[in-house]
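Next input, structure requested:
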Amino acid sequence: MPALPPMLETKHQALLEESARRGLAASDGIRLCFQVLALAGAIDRDCAARLAPRQLSEGKFVLLFLLHGQPDGLPPHELAVRAGVTRATITGLVDGLERDGFVLRQGGQADRRKIAVTLTTKGKTTAARLFKEHTAWIGSLFGGLSAAEQGQLGELLEKVWRATDAGRQASREA
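Below is the predicted model of the structure:
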């Protein structure tokens, strides 16, 4: 078995060492899974650290982008659907964004019960700046890979995803 990458968490290193000690044939697959988990965790932590100085979480960040370019805003239920979260989660995210001056809730002119969430000037400015910064950062993560390598990595990740329960379920529903 190759040397364990330093990116792995201690618990994953211990599990790999134990699987190797037991001679499990799946040790290489387990190592790759732990590498993917470590990479995803590192990206999540980096993202959170980049957003925190702006009073943003990943969830709030997603809402800024969904609202950017929507001059009339979006109703909370549509934000929930587009963000893939519950209405209760949207309420909490919008509350925080409103408290921090990024969004406003506005009642509809014809029907005051219809609420739209819109970006404030601060929200628009922040969304535009973050979009530029965040996309550049994400792109830089894969900057060491050629276009062909990026394509190959994408295909390989999709192939592994199709072997997960979620991937098999999606294939059955397609």
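
right, and residue 15 touches residue 33 too?
No: Residue 15 is not in contact with residue 33 according to C-beta atoms under 8 Å; the separation is 10.1 Å. Every C-beta, even on glycine, is put in place using the N, C-alpha and C of the backbone.

Settle it for me: which of the two has more neighbours?
residue 15 (16 against 13; other C-beta atoms under 10 Å).

What residues does that one make contact with?
Contact analysis of residue 15 by C-beta atoms under 8 Å, 6 or more residues apart in numbering lists 30, 34.

what's the spacing between it and residue 9?
From residue 15 across to residue 9, the span is 10 Å (C-beta to C-beta, to the nearest Å).

Show me whatever sits in contact with both of those two.
residue 34.

What's the local residue count around residue 121?
By other C-beta under 10 Å, neighbour count at residue 121 equals 9.

Tell me the confidence at it?
Note on residue 121: pLDDT of 96.

For it, give its distance to residue 71.
13 Å.

try residue 50
27 Å.

Looking at those two, which is more packed in?
A count of neighbours by other C-beta under 10 Å puts residue 50 above the other of residue 50 and residue 71, at 15 against 8.
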